[in-house]
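# Predicted model, plus sequence, below.
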Amino acid sequence: MYSTKTATTNNTEFNSSYMPVGINENVTLKEVNVNKTPQGRDFLEIIFENEQGQTATMTEWKNEKNMWIKTDEDLQNRDNQQFGRILQVIDSVNGSHIDFEGSSFVEMINWVKTQLEVIQQATPLRLKVIYDKKGYTKVSSYGVFVEPMSVAKEESQIKLWKNDLLERPVQADVEKPVDPLAAGTNSSAPVTADSTGADDLPF
């Protein structure tokens with residue numbers, strides 16, 4: 001029901017709970033979680049928070065061979081890049097990291113959680129946040145994306161690259177095709193010769 005007597009106007013500013021895209025300053029590490037999906041996949045979740053209470057999440061999954069990661073060498077390179085990203089966070093929060101050798105993804109992410117459980121220090125950080133291809137905000141995975149605020153702004157190593165998504169990608173709704181031969185999937189009658197007037201033809 002619509003009524004001019006009950007219509008309202010909202011004149012308050014909308015504040016998102018997600019950190020804005022770009023380079024954010026005075027961000028702190030909020031929490032670190034080692035989780036498992038219902039399907040049994042382990043993952044590492046690192047959550048950052050700014051002064052307004054807005055958050056950005058960095059999620060790391062186990063690398064596996066696929067059409068882009070074909071060989072053991074490819075897989076090792078991907079693991080090296082992933083661990084390098086994670087060490088950026090540890091070094092930014094703790095100032096440095098101790099040596100670590102692990103043989104499994106689960107062993108590695110549990111070690112990371114242990115290293116980052118000093119979040120009480122609340123080290124102020126500079127953090128790059130971008131959009132993913134689905135339009136959700138996330139911590140960037142390219143280049144230097146986090147550093148302590150003790151690094152002077154003019155000396156910052158964090159850069160915005162041309163392939164960083166800083167505008168939410170627009171995805172138009174795609175109309176699903178209807179299969180006229182699929183019985184029971186469409187309430188409308190299928191197109192037939194009779195319905196198109198083909199029965200008027202002289203043959």
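In hand now; what should we look at? Quantities reported herein were computed from a predicted structural model and do not represent experimental measurements. Numbers count the residues shown, from 1 in each chain.

# Which helix or which strand is home to the residue nearest the centre of the chain?
In the chain, the residue lying closest to the centroid (Cα atoms, centre = their mean) is Lys138, at 4.2 Å. Element membership for Lys138 (DSSP states H and E) is strand 137-139.

# Now do the contacts for the residue nearest to the centre of the chain.
Residues in contact with Lys138 (Cβ atoms under 8 Å, 6 or more residues apart in numbering) are Ala56, Thr57, Met58, Thr59, Val129, Ile130, Tyr131, Asp132. Yep, even glycine has a C-beta here, placed from its N, CA and C like the rest.

# re earlier: could you identify the helix or strand that succeeds the strand holding Lys138?
Later in the chain than strand 137-139, the nearest helix or strand by DSSP H and E is strand 146-148.

# Count the residues that sit near Ala56.
As a burial measure, Ala56 scores 24 neighbours (other Cβ atoms under 10 Å).

# related to what we said a few turns ago, pLDDT, distance to Ile158 and secondary structure added to the contacts of Lys138, as JSON lines?
Compiled in JSON lines, these are given as follows (pLDDT from 0 to 100; distance: Cβ to Cβ, whole Å; DSSP: H, G, I helix; E, B strand; the rest coil):
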{"residue": "Ala56", "pLDDT": "96", "distance to Ile158": "14", "secondary structure": "strand"}
{"residue": "Thr57", "pLDDT": "95", "distance to Ile158": "18", "secondary structure": "strand"}
{"residue": "Met58", "pLDDT": "96", "distance to Ile158": "14", "secondary structure": "strand"}
{"residue": "Thr59", "pLDDT": "96", "distance to Ile158": "20", "secondary structure": "strand"}
{"residue": "Val129", "pLDDT": "96", "distance to Ile158": "11", "secondary structure": "strand"}
{"residue": "Ile130", "pLDDT": "93", "distance to Ile158": "12", "secondary structure": "strand"}
{"residue": "Tyr131", "pLDDT": "93", "distance to Ile158": "17", "secondary structure": "strand"}
{"residue": "Asp132", "pLDDT": "89", "distance to Ile158": "18", "secondary structure": "coil"}
